[in-house]
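J.: got a sequence here, can you model it:
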Amino acid sequence: MPVKIPTRMPALTLWQPWAWAVFHAGKRIENRDWAPSPNLLGQTMAIHAAVKRPLTVDLEFVLELTEGEPPMPSRDGFVFGAVVGLARLVGWYDTRGMYDGRRVVSLPEHQIAVEAVGGSPWWRKKVGNVGWVLDEAIELERPVPAVGQQGTWWLSGPLLEQVLDACGACNGCGLLARYELDGRWCHRCFDRRLDEAAQLSMRAS
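T.: Numbers count the residues shown, from 1 in each chain. Reported below is the predicted structural model:
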C-alpha cells in the first residue's frame, strides 16, 4: 500500500548559527521555553533559518563547542530567511514535567537519548526549560526561501513541494530519503514495492 505524501509539514524557525549546527555540528537539541504539541511527536519538521543575524555570544558558543570543526561560516555567511533542512522530532525533555507529570516524552526507541538531554553540551536550560530532541536531520540540496513565524508553523502547497523537491524526497513517501538505490525510492518504499511485486507474481502464477 503506497505511503501518503504529506499535504502539510510542521516547521520551526531557528536563529543562526543554531540552524546551521543542526546539520553540520551534530546539534540534536533545540532549547525552548515551551513544549511541542503531543501530536508532533515522531513527525518530520522543516527547519527554517530566521532572517535575524547571529549574536556574537551564540557564535562564540558554537565555535568553542565544535573547536572550529567543521568550519563555521562568517556572521553574514549563513543562510537566512529560508528552509534549510528537515529533522524528525523524536521526543522532548521538560524540566517542569508539564506533560502528564512526565519530564521525558519520547518515541520508545529514543527514550535513552531523550533522558540524556541534561548531559548534552547543547542543553542550555537558561534559554528554556524544554529540550526538543531531533534526529534524522537532512540538509536540503538548496535552501528554499520562506518567511518564518514564531512557534510551530506549517508548510503546505507550493512551498512544501519546493522543500520536498530540494531534499530529494522519495517518490513513495516524500520524506527523508538518503538514496542508496536508483535515486527515486528510499529503502522502506523500495522494499514495499518489491513485496507488492512478489505478491502480484504469486497471484498470477
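
J.: now do the contacts for the nearest residue to residue 96 once chain neighbours are set aside.
T.: Nearest residue to residue 96, sequence neighbours excluded (C-beta to C-beta, 6 or more residues apart in numbering): residue 129, at 5.3 Å. Just so you know, the C-beta spots here come from the backbone N, C-alpha and C atoms, and that holds for glycine as well. Residue 129 makes contact with 33, 94, 95, 96, according to C-beta atoms under 8 Å, 6 or more residues apart in numbering.

J.: the first one and residue 152, how far apart?
T.: Going from residue 33 to residue 152 by C-beta to C-beta, to the nearest Å gives 14 Å.

J.: the more surrounded of these two?
T.: residue 152 (16 against 9; other C-beta atoms under 10 Å).

J.: list the beta-bridge partners for the more buried one.
T.: Using DSSP bridges, the bridge partners assigned to residue 152 are residue 12.

J.: who touches it in this structure?
T.: 10, 11, 12, 36, 37, 40.

J.: where's the first one, which helix or strand?
T.: With the criterion set as DSSP states H and E, the secondary-structure element containing residue 10 is strand 8-14.

J.: ok, residues contacting that strand?
T.: 22, 30, 40, 43-50, 83, 89, 132, 146, 148-150, 152-156, 160, 163.

J.: which of those are buried?
T.: Neighbour counting with 16 or more other C-beta atoms under 10 Å marks 22, 30, 40, 44-50, 83, 89, 132, 146, 148, 152-153, 155, 160, 163 as buried within the contacts of strand 8-14.

J.: secondary structure class for the residue nearest the centre of the chain?
T.: By C-alpha atoms, centre = their mean, the mean C-alpha position of the chain lies nearest to residue 87, the distance being 1.4 Å. Following DSSP: H, G, I helix; E, B strand; the rest coil, the label given to residue 87 is strand.

J.: and it, how close does it get to residue 138?
T.: 7 Å.

J.: for the lengthiest strand in the chain, C-alpha coordinates in PDB please.
T.: Longest strand in the chain by number of residues (criterion: DSSP state E): strand 130-145. Written as PDB, here are the backbone C-alpha positions of strand 130-145 (Å, rounded to 0.1, in the frame of the first residue of the first chain):
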ATOM      1  CA  VAL A 130      12.300  22.200  27.300                       C
ATOM      2  CA  GLY A 131      14.800  20.400  25.100                       C
ATOM      3  CA  TRP A 132      13.300  19.300  21.800                       C
ATOM      4  CA  VAL A 133      15.300  16.200  20.600                       C
ATOM      5  CA  LEU A 134      15.800  16.000  16.800                       C
ATOM      6  CA  ASP A 135      17.100  13.100  14.700                       C
ATOM      7  CA  GLU A 136      17.400  12.100  11.100                       C
ATOM      8  CA  ALA A 137      18.500  15.600  10.100                       C
ATOM      9  CA  ILE A 138      18.900  16.100   6.400                       C
ATOM     10  CA  GLU A 139      20.100  19.400   4.900                       C
ATOM     11  CA  LEU A 140      18.300  20.500   1.700                       C
ATOM     12  CA  GLU A 141      20.300  20.400  -1.500                       C
ATOM     13  CA  ARG A 142      19.300  24.000  -1.900                       C
ATOM     14  CA  PRO A 143      17.600  26.400   0.600                       C
ATOM     15  CA  VAL A 144      14.000  27.300   0.000                       C
ATOM     16  CA  PRO A 145      13.200  31.000   0.700                       C
END
